[in-house]
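Enquirer: for reference, the sequence and a predicted model appear below.
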Amino acid sequence: MTRILVIGKSGQMAQAFAGLGIDDLYCAGRDEADLLDPQSLEKALKYHRPKIIINAGAYTAVDRAESEPDICRALNVDGPRELAGLCNAYGVPLIHLSTDCVFDGRKPTPYLPSDVTCPMGVYGQSKLDGEEAVRSVAARSIIVRVSWIFSHLASNFVTTMLGLAGSRESISVVNDQFGCPTYAPALAEALVTISDCALTADFQDWGIYHLAGAGEIDRASMARLIFEVSARHDGPCAEVSGIPTRAYPTPAQRPLNARLDMSDTERVFSVSLPDWRLGLEETVRVLIEEFDTP
Ligand SMILES: NC(=O)C1=CN([C@@H]2O[C@H](COP(=O)(O)OP(=O)(O)OC[C@H]3O[C@@H](n4cnc5c(N)ncnc54)[C@H](OP(=O)(O)O)[C@@H]3O)[C@@H](O)[C@H]2O)C=CC1
Ligand SMILES: Cc1cn([C@H]2C[C@H](O)[C@@H](COP(=O)(O)OP(=O)(O)O[C@H]3O[C@@H](C)C(=O)[C@@H](O)[C@H]3O)O2)c(=O)[nH]c1=O
């Protein structure tokens, strides 16, 4: 029997869920549950009859979204809306992942779930519209906004930095974007706890929550820390020069402040994530082992 059905199979979070080794948690790839095909979603729902669904499927290419808005919106807005409709029809609660990119980053302190949203790019707008689509359709839904996910499981800022260090002595990295990096396996574990809470008979606290790693940092300092850990494991290293965001133009703007306030999540679910630096140690160690394995 499937208790938790995760949409997504090869993505970073889907792999983190699979790595938990929970017997009644099943990750469905798009061959089985395609966000662009409502019929396949319904078939997967009928077949697995899950107690709860976690949607870890999404379009996540922040810059490419600027030139591919249609597919981005289809995956991040239309698909989640269809999924939410089915969840409602079959009486299954839905946990849907979202992002710090729903904010413009101008607030000087960490963002609360109730703060005013103002996305700055196609990806962020699609995730915000996806949140609203899910909430308007699924009575029993929980939106979990996350930030800066990393792991050894897929491409992310850590893998990018280590990859660049293979060919460069020095890397320029923005030092005015601040956030809370989030270790994917720790997040997956916390989301299972949230699922369990949502499945208790008297749970009523549906809504929007924030969940990210403990501790905040800017991207350049994070890069330096990645190389500090890498150096300890004889991995690739590079000098990091901190630069302002205006000196590193990208198709999509990222919020300068991506820090999330997690106090509601701690209060309602008694869940918080450990310091993300612990996950960084593990991530870098495993990646370097993989580099060294012929
Ligand atoms: N990465 C980050 O830094 C952050 C991510 N998030 C959010 O977390 C969630 C998970 O992100 P992450 O794991 O990093 O994303 P990835 O890009 O690693 O994975 C995306 C997933 O989407 C799935 N997918 C793509 N197309 C379809 C489709 N047509 N139908 C069903 N599934 C599809 C892929 O499925 P398949 O396995 O079949 O290929 C894959 O599992 C997303 O909602 C994202 O917005 C929030 C904040 C930060
Ligand atoms: C590669 C590189 C990036 N940067 C900057 C660009 C950007 O502002 C920042 C992060 O770059 P990335 O493209 O790796 O990360 P990005 O894909 O923007 O990460 C985001 O992904 C989506 C899915 C989310 O939801 C967000 O929470 C966030 O994690 O670092 C540099 O300054 N120097 C560099 O050499």
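Expert: Here it is on my side, so go on. Ligands and ions are numbered 1, 2, ... in the order given.
Enquirer: if we ignore the residues flanking it in sequence, what's nearest residue 185?
Expert: residue 16 (4.8 Å; CB to CB, 6 or more residues apart in numbering). The C-beta positions use only the backbone N, C-alpha and C, and glycine is treated the same way.
Enquirer: secondary structure element holding that neighbour?
Expert: With secondary structure defined by DSSP states H and E, residue 16 is part of helix 12-18.
Enquirer: wait, does that helix contact ligand 1?
Expert: Yes: against ligand 1, helix 12-18 shows contacts by CB under 6 Å from any ligand atom at 12, 13, 14.
Enquirer: I'd like the distance between the last one and residue 55.
Expert: For residue 14, the distance to residue 55 under the criterion CB to CB, to the nearest Å works out to 10 Å.
Enquirer: need the overlap of contacts for the two.
Expert: Common neighbours of residue 14 and residue 55, using CB atoms under 8 Å, 6 or more residues apart in numbering, are 7, 8.
Enquirer: more crowded one of these two?
Expert: Higher neighbour count among residue 14 and residue 55: residue 55, with 26 against 23, using other CB atoms under 10 Å.
Enquirer: got phi/psi on the more buried one?
Expert: Backbone torsions of residue 55, given as degrees, to the nearest 10, read phi -90, psi 100.
Enquirer: so what pairs up with it in the strands?
Expert: residue 7, residue 96 (DSSP bridges).
Enquirer: how about residue 241, secondary structure?
Expert: strand (DSSP: H, G, I helix; E, B strand; the rest coil).
Enquirer: for the closest residue to ligand 1 within the stretch 101-250 of the chain, grab the count of nearby residues.
Expert: Closest contact between the stretch 101-250 of the chain and ligand 1, by CB to the nearest ligand atom, is at residue 149 (3.7 Å). Other residues near residue 149 number 24, with proximity taken as other CB under 10 Å.
Enquirer: that one contacts residue 12, doesn't it?
Expert: Yes: using CB atoms under 8 Å, residue 149 is in contact with residue 12, at 6.0 Å.
Enquirer: on that earlier part again, contacting residues for the residue nearest to residue 185?
Expert: Residue 16 touches 151, 153, 184, 185, 187, 188, counting by CB under 8 Å, 6+ apart.
Enquirer: how about the residues of the stretch 151-294 of the chain that lie near ligand 1?
Expert: Within the stretch 151-294 of the chain, the positions adjacent to ligand 1 are residue 154 by CB under 6 Å from any ligand atom.
Enquirer: so where's the protein shaky on pLDDT?
Expert: 293-294 (pLDDT under 70).
Enquirer: tell me the spacing between residue 82 and residue 53.
Expert: 12 Å.
Enquirer: OK, contacts around residue 283?
Expert: Neighbours of residue 283 in contact, by CB under 8 Å, 6+ apart: 150, 151, 152, 158, 183.
Enquirer: what's the distance between whichever residue of the stretch 51-200 of the chain sits closest to ligand 2 and residue 278?
Expert: Relative to ligand 2, the nearest point of the stretch 51-200 of the chain is residue 99 (3.4 Å; CB to the nearest ligand atom). Distance of residue 99 to residue 278, computed by CB to CB: 23 Å.
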